[in-house]
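**Q** Please find the sequence and the predicted model below.
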Amino acid sequence: MALISIEGLRKRFGTNEVLKGVDLEIEAGEVIAIIGKSGSGKSTLLRCMNGLEAYQAGKITVENAPVTQDETDLRSLRLRVGMIFQQFNLFPHLSAGRNVMLAPMTVKGTKEADARAIAEKVLARVGLEQKFDAFPEQLSGGQQQRVAIARALAMEPRALLCDEITSALDPELVNEVLQVVKGLAQDGMTLAMVTHEMRFARDVCDRVVFMHLGQVHEIGPPGEVFANPRTPELQQFLGQVQ
Ligand code: ADP
Ligand code: MG
């Protein structure tokens, strides 16, 4: 059974239909790269999966529970699916540790001492055990993004959705973040990752989804998708990014 199942998903903004019937199943432990041109609907797809956007037709389930705009559904969904964005969105007035402790305490009611222990554990997992008391402005962009990953991990999600999480970073900081994601992948985390890092997609991901004009245009293992693109659209896209 798929961890995340998407069937016939349609989403429009006003009259602009940006998802035109998306079907996608993501198995537990699977690592998916989502690639495609700007405007092809990648972010909207992730946002629908996390309940951040309502949709007009189709069905999304996470662990068999429907993703809807119903408050109860959304609350339980947010406990199970974490999302990380291009902008780190850390609270500037809180230390790294406090940023990580916040959601467990406010959303799950975790006691402060327990939240601190969780924060220490997940900060160590992203290689920042020394930075518990550092404030965001004292951290590099790569370190801030790793705190954002730790913050998502603190909720013990079943899946993580990553939307271009290295796109705002200076080139020399990209790798430290990708290494953390690779570690999560190796530990069995289910990941759906919108990315321009084609080498990462090739090396780490189980399947690559090529979005074009609001649809899954091609999908397959990276070896096939990159070596033998079947459609001119994917051939053209790969020609531009590689
Ligand atoms: P991608 O992430 O692949 O670049 P997006 O999912 O962000 O693409 O956007 C797909 C289309 O949806 C674009 O045409 C974009 O302008 C439109 N869109 C995205 N978000 C909104 C919004 N909040 N309101 C109106 N249009 C939007
Ligand atoms: Mg996007």
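**A** On my side now, so go ahead. Numbers count the residues shown, from 1 in each chain. Ligands and ions are numbered 1, 2, ... in the order given.
**Q** Run through the residues of the protein sitting next to ligand 1.
**A** Residues of the chain lying near ligand 1 by Cβ under 6 Å from any ligand atom: 13, 18, 36, 38-44. (C-beta placed from N, C-alpha, C; glycine too.)
**Q** and of those residues, the nearest to residue 138?
**A** residue 43 (29.6 Å; Cβ to Cβ).
**Q** before we move on, the earlier item: near ligand 2, which of the residues of the chain next to ligand 1 show up?
**A** Among the residues of the chain next to ligand 1, the ones lying close to ligand 2 by the criterion of Cβ under 5 Å from the ion are 42-43.
**Q** List the buried residues of stretch 110-126.
**A** By 16 or more other Cβ atoms under 10 Å, the buried positions in stretch 110-126 come out as 110, 115-116, 118-120, 122-123, 125-126.
**Q** Can you list which of the residues you listed are found in helices?
**A** 115-116, 118-120, 122-123, 125 (DSSP state H).
**Q** If we ignore the residues flanking it in sequence, what's nearest residue 210?
**A** Nearest residue to residue 210, sequence neighbours excluded (Cβ to Cβ, 6 or more residues apart in numbering): residue 218, at 4.3 Å.
**Q** contacts for the helix ranked longest in the chain?
**A** Longest helix in the chain by number of residues, with DSSP H as the criterion: helix 171-186. Contact with helix 171-186 is made by 31, 125-127, 140-143, 145-146, 149, 153, 160, 162, 165-166, 169, 191, 193, 197, 200, 203-205, as judged by Cβ atoms under 8 Å, 6 or more residues apart in numbering.
**Q** got the buried residues for that helix?
**A** By neighbour count with 16+ other Cβ under 10 Å, helix 171-186 contains the buried residues 173-174, 176-178, 180-182, 184-185.
**Q** quick revisit: buried subset of the residues of the chain next to ligand 1?
**A** 18, 36, 40-44.
**Q** where does this structure come near ligand 2, residue by residue?
**A** Checking the chain against ligand 2 by Cβ under 5 Å from the ion, the hits are 42-43.
**Q** ranges for the strands of the chain?
**A** Taking DSSP state E, the strands of the chain run over residues 4-13, 16-26, 31-36, 57-62, 65-66, 81-84, 159-163, 190-194, 207-212, 215-220.
**Q** can you list the ones you listed in a markdown table and add mean pLDDT?
**A** Below are the strands of the chain laid out as a markdown table (pLDDT from 0 to 100):
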| stretch | mean pLDDT |
| --- | --- |
| strand 4-13 | 98 |
| strand 16-26 | 98 |
| strand 31-36 | 98 |
| strand 57-62 | 96 |
| strand 65-66 | 94 |
| strand 81-84 | 96 |
| strand 159-163 | 98 |
| strand 190-194 | 98 |
| strand 207-212 | 98 |
| strand 215-220 | 98 |
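**Q** separation between the residue located most distally from the centre of the chain and ligand 1?
**A** In the chain, the greatest distance from the average C-alpha position (Cα atoms, centre = their mean) is reached by residue 113, at 28.3 Å. Distance of residue 113 to ligand 1, given as Cβ to the nearest ligand atom, to the nearest Å: 40 Å.
**Q** Check what pLDDT that residue gets.
**A** Residue 113 is assigned a pLDDT of 98 by the prediction.
**Q** Show me the contact partners of stretch 28-37.
**A** For stretch 28-37, contacts defined as Cβ under 8 Å, 6+ apart pick out 3, 24, 26, 42, 45-46, 158, 185, 188-196, 198, 200-201, 204-212, 217, 222, 237, 241.
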